[in-house]
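A.B. asks: No letters, just coordinates:
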RNA sequence: GGGCCUAUAGCUCAGUUGGUUAGAGCGCGCGCUUGAUAAGCGCGAGGUCGAUAGUUCAAGUCUAUCUAGGCCCA
């Protein structure tokens, strides 16, 4: 037979027909779709359509406006978009206002690099203008990148922390918290370059080798105290330091609670140090290690008072700290809160004085008269001499070690305490209120998040707000030029905030104090009328922490608390916490009801992505090569609450899954092209059993998918829908349905029954996947609407993103069908296995060449097979099925799982029908159609 | 060094209060189909559940330690 003859009945079949392309061409299609959405003002349309509906507010945490987006930022934005789109399609009014963090160091650095200048060589007002432009440029770049990902939001009116209104609110919040007594000025050590006379940020410090004097010093124990060691002679605690110049500022000696300390004899006196480190000291002294008779834990020495090594009028306590190690020294740490980070931290706990008798040039001040005017590194020598004279120096040598240096002048830097602004996290029970809210009023996902932020809140010190930088919101405090009194009140804040709203916070630096202050302002202490401005700016975390005021409270369409914050896990210390503290200070309530965190994107090795290792995936190039939907599907397929891995191979795999979903849509669309739900729908009661079962199955899917979305578990959504497409649809329903769809009369009940269900499946799955595959779902939606639009299934919505998700349909739940088909699928699996055996043996090729004989002694199974007797050939996609109750002489195959089932597969009886390809003994029964079976004759004859 | 998290087939995920031979899909191998065709169907091979020790009649599931990796601190 020629090819033509084989296909001579092809045009009597109802083959699938759809212009929906098999190949997506996403990289090309998506930008066109975006253009259309933009022209149609899709986001505004959604706002309009949901007006008056219940709100769902996801408040965007602002990414930093520097550089292009990476996978972390892309993932976070995409996850937020999943939520917003799901909530929107669930009927909520879910506005999404994206934000950007615009002030701060990284932009300053980039600017200095561009300008080739340093902090002291630029004019601040000019510099800030440049920084503002720089930030705006990257806001633009990132905005376009986010839009390209398919993220919908109010892109033409985002919130920027450098917007004049936002900056004015930042100033106002500072004023409000100051007025409520949360803000104070205190001392804190920071890196300080004595040559440049400036504070240095951590990023401005370089580590290099430096030679320092290493000294072991005795701190004599004061007499008449509870002392755990017996038989001591002039006992003293021994400390080790490489910065003798900080000894004048010593305010304690820090031990570790669970470390062993002992008292040993040295030159007729008793010294106390960590047992583990005795060898360290005695080897330097070139002495034998003495016998140890007594050992106590550090905790037993807590509170012991010691004599100060420099100032004879001072006594200092023994305290306990976790930072004490046995890597070097004596296990007894000289603690000068004004000259070290850890010293400062532990000092806060013990309320130690933050002494820092060193001026900006690094010279001792008059607070230490004996060294006054001397540079600290020169002071080292004088102090060592002094210690020797006092007889408390045990040992000294020079050592070379890694030491911080200024990045600009490359000179060694020091830690120096300076005046800084703080939020007192314990004022008005801020900490307790926040902790209580975290525990009782906020849902955390994953659950461990709660413990993580709680332990941070419990331990965190006061929040240092001030930075000695150029690009940020000024700390809006004035000082009386005469008496130095602070000036900040409602009037000064109001006037300043108004000016900032008009001219941005640059106004602080451009105008004089007199111009910024209300007319006639006088110092309340001394009546002076001249003031100077604070020069420090605010920590950028204060900026973003203010967003619950500057955005949530200010924008009419939003509200506080937000329903959801969704950020990376690093934000426990960052935005989650600063927002909480500020909101607690402002309102006594947390700014969010739910907090979800995402992990980090890593390379496939499980390690960090890095450009140098070449395992870096750029989201932009993924969009350009594979399409944003592939990236979206990837982030929708992994458990983002943990760290996730991304690579080209992994993306390739998700692209395979995408193709399966896409082809399923193509099949569905192709088979409903001639179906109109308004006129062709079959009533539920008249549907075929299999079709009813599929509605049941779809309803189960809908329930699970909705639940997964509500729990923010998008990877479950993906698996549910993908598996439904693969197993329920492609492998079973669609395959089985082909005979009915292609062969049966186009508008007959059997075909319309199938189409009624296929249409619903197509529409519902398109909606369910739309929050994730936003572009593809929209593409499918348009093709659905081309075949038919119906209010009944919501396809009258112009775009899928305006449609509502399918609602619960309890009447589709059918437990009887569920039970029947669950068993029927098992029977089918057994039959397919035997078919495969016959195929290997060359007995059959296509399944339609086979006839299946079934036998079972199991009553339940037997009843089921009889009940579905007529449907069995179509379920197995074979030509004939017979139930044989006593065919003992045949060679039965036993079911592997269904042991009670026996199966025989043999060559089908009769001849292959040229139209439907089923084998039948009645082919040619009608003289008019010698090559057709009676079913096909009947169908063709009626047309 | 500290706080928190993660670890089930090559990959992405399931594995109820500890209870038969650890599941699914993808990918892979082999075959079928050529009326979803740069598609579709079937069968099959893949796992000492990160390691070790323990609790228990019974551990992927509970406990401890370790290893690898991550976030935040120091």
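C.D. replies: Looks like it came in fine. Please read all numbers here as calculations on a predicted model, not as lab measurements.
A.B. asks: What residues are recorded as beta-bridge partners of the residue lying closest to residue A:608 once chain neighbours are set aside?
C.D. replies: Spatial nearest neighbour of residue A:608, excluding adjacent residues (C-beta to C-beta, 6 or more residues apart in numbering): residue A:602 at 6.1 Å. Every residue, glycine included, has its C-beta placed from N, CA and C. With DSSP bridges applied, residue A:602 shows beta-bridge pairing to residue A:608, residue A:645.
A.B. asks: Looking at chain A, what residue ends up closest to RNA strand B?
C.D. replies: Residue nearest to RNA strand B within chain A: residue A:845 (2.4 Å; C-beta to the nearest atom of the strand).
A.B. asks: and stretch A:329-338 with RNA strand B, contact?
C.D. replies: No - applying C-beta under 7 Å from any atom of the strand, one finds stretch A:329-338 separated from RNA strand B by no less than 11.6 Å.
A.B. asks: Report the mean per-residue pLDDT for that stretch.
C.D. replies: Averaging pLDDT along stretch A:329-338 yields 82.
A.B. asks: Report how many residues lie close to residue A:17.
C.D. replies: 12 (other C-beta atoms under 10 Å).
A.B. asks: for the stretch 1-150 of chain A, what spans make up the helices?
C.D. replies: A:3-6, A:26-39, A:42-49, A:71-89, A:105-115, A:124-148 (DSSP state H, counting those that start in this stretch).
A.B. asks: and if you look at the stretch 551-700 of chain A?
C.D. replies: Going by DSSP H, counting those that start in this stretch, the stretch 551-700 of chain A shows helices at A:575-587, A:619-625, A:628-635, A:648-671, A:677-680, A:689-710.
A.B. asks: Please enumerate residues in contact with the shortest one?
C.D. replies: Just to be clear, that refers to helix A:677-680. Contact with helix A:677-680 is made by A:747, A:752, A:755, A:756, A:759, A:788, A:790, A:792, A:793, as judged by C-beta atoms under 8 Å, 6 or more residues apart in numbering.
A.B. asks: Most neighbours among the residues you listed, which one?
C.D. replies: residue A:755 (29 neighbours).
A.B. asks: Lowest mean pLDDT among the helices and strands, pick that one out for chain A.
C.D. replies: Here the helix or strand of chain A ranked lowest by mean pLDDT, DSSP states H and E is helix A:3-6, holding a mean of 47.
A.B. asks: circling back to that earlier point, now for the residue nearest to residue A:608, how many residues are close by?
C.D. replies: For residue A:602, the count of nearby residues is 18 (other C-beta under 10 Å).
A.B. asks: And for residue A:632?
C.D. replies: Per other C-beta under 10 Å, the neighbour tally for residue A:632 reads 29.
A.B. asks: Can you add mean pLDDT and distance to RNA strand B and give the helices of the stretch 551-700 of chain A back as a markdown table?
C.D. replies: Output for the helices of the stretch 551-700 of chain A, formatted as a markdown table (pLDDT from 0 to 100; distance: least, C-beta to the nearest atom of the strand, whole Å):
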| stretch | mean pLDDT | distance to RNA strand B |
| --- | --- | --- |
| helix A:575-587 | 95 | 9 |
| helix A:619-625 | 95 | 15 |
| helix A:628-635 | 96 | 9 |
| helix A:648-671 | 96 | 3 |
| helix A:677-680 | 96 | 21 |
| helix A:689-710 | 97 | 9 |
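A.B. asks: Pick the most buried one from the ones you listed.
C.D. replies: Compared across the helices of the stretch 551-700 of chain A, helix A:628-635 shows the largest average neighbour count, a mean of 27 (mean count of other C-beta atoms under 10 Å).
A.B. asks: Which elements pack onto that one?
C.D. replies: When contacts are defined as 3 or more C-beta pairs under 8 Å, 6 or more residues apart in numbering; DSSP states H and E, helix A:628-635 packs onto helix A:26-39, helix A:71-89, helix A:619-625, helix A:648-671, helix A:774-787.
A.B. asks: before we move on, the earlier item: which one of the contacts of helix A:677-680 is nearest residue A:453?
C.D. replies: Taking C-beta to C-beta as the measure, residue A:453 lies nearest residue A:793 of those, at 44.3 Å.
A.B. asks: My guess is that closest one contacts residue A:761. True?
C.D. replies: No - the criterion here is C-beta atoms under 8 Å, and residue A:793 misses it with residue A:761 at 10.8 Å.
A.B. asks: All the strands of the stretch 101-250 of chain A, residue numbers only.
C.D. replies: Listed in chain order, the strands found in the stretch 101-250 of chain A under DSSP state E, counting those that start in this stretch are A:159-160, A:183-193, A:198-200, A:205-220, A:236-241.
A.B. asks: Between the ones you listed, which has the poorest mean confidence score?
C.D. replies: Between those, the one with the least mean pLDDT is strand A:198-200; it has a mean of 68.
A.B. asks: Tell me the residues on the stretch 701-850 of chain A that lie near RNA strand B, please.
C.D. replies: The stretch 701-850 of chain A comes close to RNA strand B at residues A:713, A:715-716, A:718-719, A:722-723, A:726-727, A:729-732, A:734-735, A:738-739, A:742-743, A:829, A:832-833, A:835-836, A:839-840, A:845-847, as judged by C-beta under 7 Å from any atom of the strand.
A.B. asks: Going by neighbour count, which of those residues are buried?
C.D. replies: Buried members of those, counted by 16 or more other C-beta atoms under 10 Å: A:713, A:715-716, A:718-719, A:722, A:729-730, A:732, A:734, A:738-739, A:742-743, A:835, A:839, A:847.
A.B. asks: Show me the shaky parts of the stretch 101-250 of chain A.
C.D. replies: Per-residue confidence for the stretch 101-250 of chain A (pLDDT under 70) gives these ranges: A:196-198, A:200-206, A:224-225.
A.B. asks: let's go with 80 and repeat that
C.D. replies: For the stretch 101-250 of chain A, the stretches flagged by pLDDT under 80 are A:118-120, A:188, A:190-212, A:222-233.
A.B. asks: next one: the stretch 501-650 of chain A
C.D. replies: Applying pLDDT under 80 to the stretch 501-650 of chain A picks out residues A:604-615.
A.B. asks: which residues in it form strands?
C.D. replies: Taking DSSP E, counting those that start in this stretch as the criterion, the stretch 501-650 of chain A contains strands spanning A:531-533, A:537-538, A:562-568, A:592-598, A:601-602, A:644-645.
A.B. asks: Give me whichever of these is most buried.
C.D. replies: strand A:537-538 (a mean of 26).
A.B. asks: what's that one in contact with?
C.D. replies: A:103, A:170, A:174, A:465-467, A:469-475.
A.B. asks: need these in JSON lines with neighbour count, secondary structure and distance to residue A:936, can you?
C.D. replies: Formatted as JSON lines, the contacts of strand A:537-538 follow (neighbours: other C-beta atoms under 10 Å; DSSP: H, G, I helix; E, B strand; the rest coil; distance: C-beta to C-beta, whole Å):
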{"residue": "A:103", "neighbour count": "32", "secondary structure": "coil", "distance to residue A:936": "76"}
{"residue": "A:170", "neighbour count": "29", "secondary structure": "helix", "distance to residue A:936": "78"}
{"residue": "A:174", "neighbour count": "27", "secondary structure": "helix", "distance to residue A:936": "83"}
{"residue": "A:465", "neighbour count": "19", "secondary structure": "coil", "distance to residue A:936": "83"}
{"residue": "A:466", "neighbour count": "24", "secondary structure": "strand", "distance to residue A:936": "87"}
{"residue": "A:467", "neighbour count": "23", "secondary structure": "strand", "distance to residue A:936": "83"}
{"residue": "A:469", "neighbour count": "20", "secondary structure": "coil", "distance to residue A:936": "83"}
{"residue": "A:470", "neighbour count": "22", "secondary structure": "coil", "distance to residue A:936": "84"}
{"residue": "A:471", "neighbour count": "25", "secondary structure": "coil", "distance to residue A:936": "79"}
{"residue": "A:472", "neighbour count": "28", "secondary structure": "coil", "distance to residue A:936": "80"}
{"residue": "A:473", "neighbour count": "27", "secondary structure": "coil", "distance to residue A:936": "80"}
{"residue": "A:474", "neighbour count": "23", "secondary structure": "strand", "distance to residue A:936": "86"}
{"residue": "A:475", "neighbour count": "25", "secondary structure": "coil", "distance to residue A:936": "87"}
